[in-house]
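Colleague: Output the structure for:
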Amino acid sequence: MAAVVLVHGLYHRPEHFAPVAEHLRTEGVAVLVPELHRGSLSADTHAVQAAIDSLSEPPIVLGHSYGGSVITGVRGAARLVYLAAFVLDAGESAAGMGGASRQLGEAILAEPDGSTSLHPDRAADALYDDCPGPLAAWAVGLLRVQAAGCGRGVPEHHGWKSTPSTYVVCARDMAIDPGLQRKMAARCSDVREWPTGHSPFVGRPRLVVELIRELLAAAARLGPTDPVW
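Modeller: Numbers count the residues shown, from 1 in each chain. Now for the predicted structure:
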């Protein structure tokens with residue numbers, strides 16, 4: 001059975017991927033959306049690795065935003081997909097690459113225990129600016145408090161160096177500079193550019209579904225014994 005693992009970013013939940021996951025499941029694709037927020041990049045990576053290891057065949061693994069830092073460290077993927085995400089090399093972290101834009105930075109609220117949350121109105125402008133109001137409100141309502149430090153995590157493994165990878169630049173992104181995305185995309189073996197904001201899995205889920213469908217079909221044609229490059 002074709003399989004996909006979807007990896008959310010900071011402040012997000014698996015439920016943000018529900019429109020994409022539900023559509024793929026209706027097509028017979030096995031979809032796992034692990035919960036992050038494990039307290040560190042290492043712990044988040046282990047959670048995604050466990051999801052990959054539970055599947056009977058190598059999946060396509062898609063990471064959004066900080067989720068790119070996470071999927072960079074996993075092994076056993078058929079393909080890595082970076083959706084407006086961080087493609088990190090040795091010694092690099094999401095925060096060190098530039099992290100949040102000014103708009104997203106202004107949305108971050110410090111909590112007394114050192115964690116952070118997002119101001120609802122400013123989060124909508126930074127993360128879901130191209131979504132209709134009710135849809136943006138739904139997505140903002142799912143956002144959760146984020147423990148400190150994950151964005152400063154450094155992957156121990158760099159899967160994009162040995163696994164085929166696709167980068168999707170979100171050209172209207174208000175959270176991660178599209179210029180930075182294009183710089184990181186140069187590390188991947190395939191690059192796409194969409195005229196969307198930061199979160200097309202909310203505002204344009206069909207784009208994400210169609211991309212995954214295309215990549216699954218290509219993987220099926222390639223076959224398990226053929227070279228990946």
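Colleague: residue boundaries of the helices in this structure?
Modeller: Assigned helices in the chain, in chain order: 18-26, 41-53, 67-72, 94-97, 102-107, 120-127, 133-142, 178-185, 200-203, 205-222 (criterion: DSSP state H).
Colleague: on contacts alone, who are the packing partners of the first one?
Modeller: Other helices and strands packing on helix 18-26, by 3 or more CB pairs under 8 Å, 6 or more residues apart in numbering; DSSP states H and E, are strand 3-7, strand 30-32, helix 200-203, helix 205-222. (Glycine included, C-beta is placed from N, CA and C.)
Colleague: looking at the ones you listed, which is closest to residue 59?
Modeller: Within the helices and strands packed on helix 18-26, the stretch nearest residue 59 is strand 3-7; the backing value is 3.8 Å (CB to CB).
Colleague: Can I get that closest one in CSV? Just the C-alpha atoms.
Modeller: Below are the C-alpha coordinates for strand 3-7, written out as CSV (Å, rounded to 0.1, in the frame of the first residue of the first chain):
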residue,chain,number,x,y,z
ALA,A,3,2.2,5.4,2.3
VAL,A,4,2.7,9.0,3.3
VAL,A,5,3.9,10.6,6.6
LEU,A,6,2.8,14.3,7.1
VAL,A,7,4.9,16.3,9.6
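Colleague: How far does it sit from its chain's centre?
Modeller: 10 Å (CA atoms, centre = their mean, to the nearest Å).
Colleague: Which of the helices and strands packed on helix 18-26 sits closest to residue 107?
Modeller: Among those, helix 200-203 comes nearest to residue 107, with 16.1 Å by CB to CB.
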